[in-house]
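1. Structure for this input, please:
(2 chains)
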Amino acid sequence: MKDSFARNLQTTIILLVVGGILALALGGYLRSASNLMGEALVAAQRWVSSRYLAIQDFLTVPRDVASLRERNAALESEISRLQGQVVTLRQQAEQADILAALVDFTRTNPESAYKAAEVIGRDPSPFLHYVIINVGSNDGIRRGMPVVTDKGLVGRVDATIADAARVQLITDPAISVNVRLQNAQTDAVLSGSVSGDIFLDLISQDVTVEPGDVVLTSGLGGGYPADLLVGQVVNVRKRDYELFQQASVQPNVDFSRLQIVLVITNFRPVDITPLLPATPAP
Amino acid sequence: MPMRALILFPLMIFLVILQSAVVSRINLLAGHADILLVFLALWGLQERADVWPWAIAAGLLVGFISGLPWLVVLAGYLLVAALTWLLRRRIWEAPLLGVFAVTFIGTLSMHSITFVVLKLSGNPQGFTETLELITLPSLLLNLLLTLPLYAFVRDLAGWVHPAKETL
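-> Residues are numbered from 1 along each chain as shown, chains lettered A, B, ... in the order given. Here you go, the predicted structure:
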């Protein structure tokens, strides 16, 4: 009987304590204590979780390295492919720029008929400044036709086969082009050199030539059409004891980067050799 | 000439294309290398290799695309072949020094012939500027080109003319 009373009393006390705690909690009196406990629990859980993840990472690293390597290789191959595409697209954009400039040139010079050609090679001999283009007699290209770009005169066709032609550049030492200086209103002869520089000769001593003067073809001699841009005078050499002045010219065309050129197909060079007076024998 | 030597026909054509499209665009001053000359110098010094037909082929191919008179090119390459023929009897297994000697003398000879012919045909090229701007840079480039081609030509010659015990 006594034992039964004591157990009931113990149960009642526990219920009262639990009820009291619940009442205090519901009344908001245990908030600070519950917050403190919650923080402690969260911190403990975070600690356990981070350690678990660290252990998991440690255990699964070998598998991840292999997959990462595979992924890395796949990405690297993708980068290589895309870099190849970038190079191709840049080349295409560059070609499109060149072609657009050439189209502009043909529109502003509609009096001539043009045939576009790609430069596919250079002369094997370093003594000659020739390029090889991918159009030939099958495309109506004939010997002597002038070759230009949007920047100016390039040279003239020296020889043709069915599908290719050889073009002598104006930088070739053996070439002579009759030109005129736009500002000085005088004629001169343009020659090339082994170094690829171009010079003006046979400029009268009476004429004032200034650096920056524009050099255009004169059309004299019938070898080239008139008024094709060649370049600009860079410096002038005038000596009193010489018959003529000389000048060096900066060509407008960059001959080291020739890619696409235009052949003027409706120009036929005139051979004036029979009209020249015969040189008397000494 | 063994059947395997016929591989040199397409190889010569490839070298001419390579010369015109690539090598001629790699300039040092105004000079550039001559891959066919270097190839002929290397090939001519290989044991049992026959260089004459390939010198003629190279001369005709380059003469066809070049603005130079084809006889000049042909004469230049034949001269290189003759140099290798003379030197091969005096050296053993084409050491690099012999190759350099043929390339050196061959380049100078080729350029001398070209210069004289162009001068006679009225080309206004000065000797000093030609030597400084064309010949010496070309000579250097040819000698540099000898090194990478040396191993290739040696292997090719070994394949075209295998030693008797390997037959």
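
2. which SS class is the spatially most central residue of chain B?
-> When chain B is reduced to its mean C-alpha position, the nearest residue by CA atoms, centre = their mean turns out to be B:Leu37, at 1.0 Å. Reducing the assignment at B:Leu37 to three states with DSSP: H, G, I helix; E, B strand; the rest coil gives helix.

3. OK, contacts around it?
-> The contact partners of B:Leu37, taken as CB atoms under 8 Å, 6 or more residues apart in numbering or on different chains, are B:Gly76, B:Tyr77, B:Val80, B:Thr103, B:Gly106, B:Thr107, B:Met110, B:Asn142. To be clear about C-beta, it is placed using only N, CA and C from the backbone, and glycine gets the same treatment.

4. cool, B:Ala30 as well?
-> For B:Ala30, the residues meeting the contact criterion (CB under 8 Å, 6+ apart) are A:Pro126, A:Val194, A:Ser195, A:Gly196, B:Leu133, B:Ile134, B:Pro137.

5. mind checking how far the closest residue to it other than its chain neighbours is from B:Ser121?
-> Ranked by CB to CB, 6 or more residues apart in numbering or on different chains and with sequence neighbours excluded, the top spatial neighbour of B:Ala30 is B:Leu133, at 4.2 Å. Relative to B:Ser121, B:Leu133 is positioned 20 Å away (criterion: CB to CB, to the nearest Å).

6. For these two, indicate the residue with more neighbours.
-> Neighbour comparison, B:Leu133 and B:Ser121: the larger count goes to B:Leu133, with 22 against 10 (by other CB atoms under 10 Å in any protein chain shown).

7. which residues touch that one?
-> For B:Leu133, the contacting residues are A:Val194, A:Ser195, B:Leu29, B:Ala30, B:Gly31, by CB under 8 Å, 6+ apart.

8. That one in helix, strand or coil?
-> Look at B:Leu133: counting by three-state DSSP, its state is helix.

9. Helices of the chain, residue ranges please.
-> Here I'm looking at chain A. Here chain A has its helices, by DSSP state H, at A:2-26, A:31-108.

10. hm, I was asking about chain B
-> With DSSP H as the criterion, chain B has helices spanning B:8-21, B:35-44, B:52-65, B:70-88, B:96-120, B:127-130, B:136-160.

11. Which positions within the last one qualify as buried?
-> Taking 16 or more other CB atoms under 10 Å in any protein chain shown as the basis for neighbour counts, the residues of helix B:136-160 that come out buried are B:136-139, B:141-143, B:145-146, B:149-150, B:153-154, B:156-157, B:160.

12. what about B:Gly98, neighbour count?
-> By the measure other CB under 10 Å, the count of residues near B:Gly98 is 21.

13. Hmm, B:Glu47 and it touching each other?
-> No - because the distance of 12.0 Å does not satisfy CB atoms under 8 Å, B:Gly98 is recorded as not touching B:Glu47.

14. touching chain A at all, stretch B:42-56?
-> No - applying CB under 8 Å from any CB of the partner chain, one finds that stretch B:42-56 is not in contact with chain A, the shortest distance being 14.8 Å.

15. Can you list the buried residues in that stretch?
-> B:Leu42, B:Trp43, B:Gly44, B:Leu45, B:Gln46, B:Ala49, B:Asp50, B:Val51, B:Trp54, B:Ala55.

16. And stretch B:85-101, by the same measure?
-> Across stretch B:85-101, burial judged by 16+ other CB under 10 Å covers B:Leu87, B:Arg88, B:Ala94, B:Gly98, B:Val99, B:Phe100, B:Ala101.

17. Spatially nearest residue to the last one, not counting backbone neighbours?
-> Spelled out, that is B:Ala101. By the measure of CB to CB, 6+ apart, the closest residue to B:Ala101 outside its immediate chain neighbours is B:Leu87, 6.7 Å from it.

18. Per-residue pLDDT of the one you found, please?
-> The predicted local confidence for B:Leu87 comes out at a pLDDT of 84.

19. got the contact list for it?
-> Residues in contact with B:Leu87 (CB under 8 Å, 6+ apart) are B:Leu45, B:Gly98, B:Ala101, B:Val102.

20. and chain B, which residues reach chain A?
-> Looking at chain A, the residues of chain B close enough under CB under 8 Å from any CB are B:16-17, B:19-21, B:24-25, B:27, B:29-32, B:34, B:36, B:62, B:65-68, B:73, B:111, B:114-115, B:118, B:122-126, B:129-130, B:133-134, B:138.

21. how does it look with 7 Å?
-> Along chain B, the residues adjacent to chain A under the rule CB under 7 Å from any CB of the partner chain are B:19-21, B:24-25, B:30-32, B:34, B:62, B:65-68, B:114, B:118, B:123-125, B:129-130, B:133-134, B:138.
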